[in-house]
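Enquirer: here you go, sequence then predicted model.
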Amino acid sequence: MPSMDFHRPENGNAILARAVLLQCRLVGNEFDETLQRDFRWAKSEALRYVSPDVVNGVCKLAELIFQKVSLERHADRKQPLVFLYNCTLGLPLYHSRRLDQEAKEFHGSVLKPLLGDDDIAQAVWQVCSRSAWLEQNTRDWDGAQAAHITGAAQGYQAAMARDASVVAENVPRMGFDFHR
C-alpha cells in the first residue's frame, strides 16, 4: 500500500518568502537554469495568493537589497589589492549606499502604497533585507569552509541563524494568508 504524505498547505506568506529567498539567490547566478526554473515556479505560486504588482515589487525590492548587501560585504574585504581597488576604482561602498537609498525610496514610494499597511510594509522590508543577508552569509560561509579549522566560518553560521530567525519572525506578519 503506497503511503500518502499529508502536510498542511503553505500560506501566501511562506510562498512569497520563498520567492524572495530565491530572488536573492538568483542575483549573481542569472545563468543558472535550475535557479531560474525554481524562481519562476516560486513566483508563479506566489501569484496565486498575491497580486502581480505586489509580487513583482517585493521581488524587485529583494533584488535591490541583495545587490546592496553584496556590495557592502565586498567593500569590507581586507586583502591589500582588493582594498586598494575598492578605495580607488570599484567604490563598492558608494554603490552599496546608492542601492540602499534606491531600495528605501522604492519601498516607500511604490511598495508601501501597494501594501496599504505600515506594519505589513515593515514586515516585507525585514523579510527582504534579512533574506538578502541570509543568502550573502550563506555564500560567505560556503567560501570560508577552508577556514573551518580556524573558526572563521563560525561567524557566518551565527549570522545565518540570526537572519533566519528574523525572517521566520516576520513572515507571518506579511499579510498574505489569504487566497485571491
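Expert: Everything's here; your move.
Enquirer: wouldn't residue 68 be in contact with residue 103 here?
Expert: Yes: between residue 68 and residue 103 there is a contact under Cβ atoms under 8 Å: 6.2 Å. Where you see a C-beta, it was placed from the backbone N, CA and C, and this is true even at glycine.
Enquirer: quick check: neighbours shared by the two?
Expert: Applying Cβ atoms under 8 Å, 6 or more residues apart in numbering, one finds that no residue jointly contacts residue 68 and residue 103.
Enquirer: pLDDT weak spots in this structure?
Expert: Low-confidence regions of the chain, defined by pLDDT under 70, span residues 1-9, 74-94, 144-153, 178-180.
Enquirer: just give me the longest helix of the chain.
Expert: What stands out as the longest helix in the chain, according to DSSP state H, is helix 118-143.
Enquirer: packing partners for it?
Expert: Applying 3 or more Cβ pairs under 8 Å, 6 or more residues apart in numbering; DSSP states H and E, we find helix 118-143 packed against helix 12-26, helix 52-75, helix 112-115, helix 154-170.
Enquirer: ok now the second one, how far from the chain's centre?
Expert: Just to be clear, that refers to helix 52-75. Remark: helix 52-75 is offset 7 Å from the chain centroid, using Cα atoms, centre = their mean, to the nearest Å.
Enquirer: so what does that helix touch, helix or strand wise?
Expert: Applying 3+ Cβ pairs under 8 Å, 6+ apart, we find helix 52-75 packed against helix 12-26, helix 33-46, helix 92-106, helix 112-115, helix 118-143.
Enquirer: that one vs helix 33-46, what angle?
Expert: Counting by axes from the mean of the first three to the mean of the last three Cα atoms, to 10 degrees, helix 52-75 lies at 140 degrees to helix 33-46.
Enquirer: list the buried residues of helix 52-75.
Expert: Neighbour counts using 16 or more other Cβ atoms under 10 Å place 54-75 of helix 52-75 among the buried residues.
Enquirer: give me the residues contacting that helix.
Expert: In contact with helix 52-75 (Cβ under 8 Å, 6+ apart) are residues 16, 19-20, 23-24, 27-28, 43, 46-47, 50, 86, 90, 92-93, 95-96, 99-100, 102-103, 106-107, 110-111, 114-115, 124-125, 128-129, 131-133, 135-136, 140.
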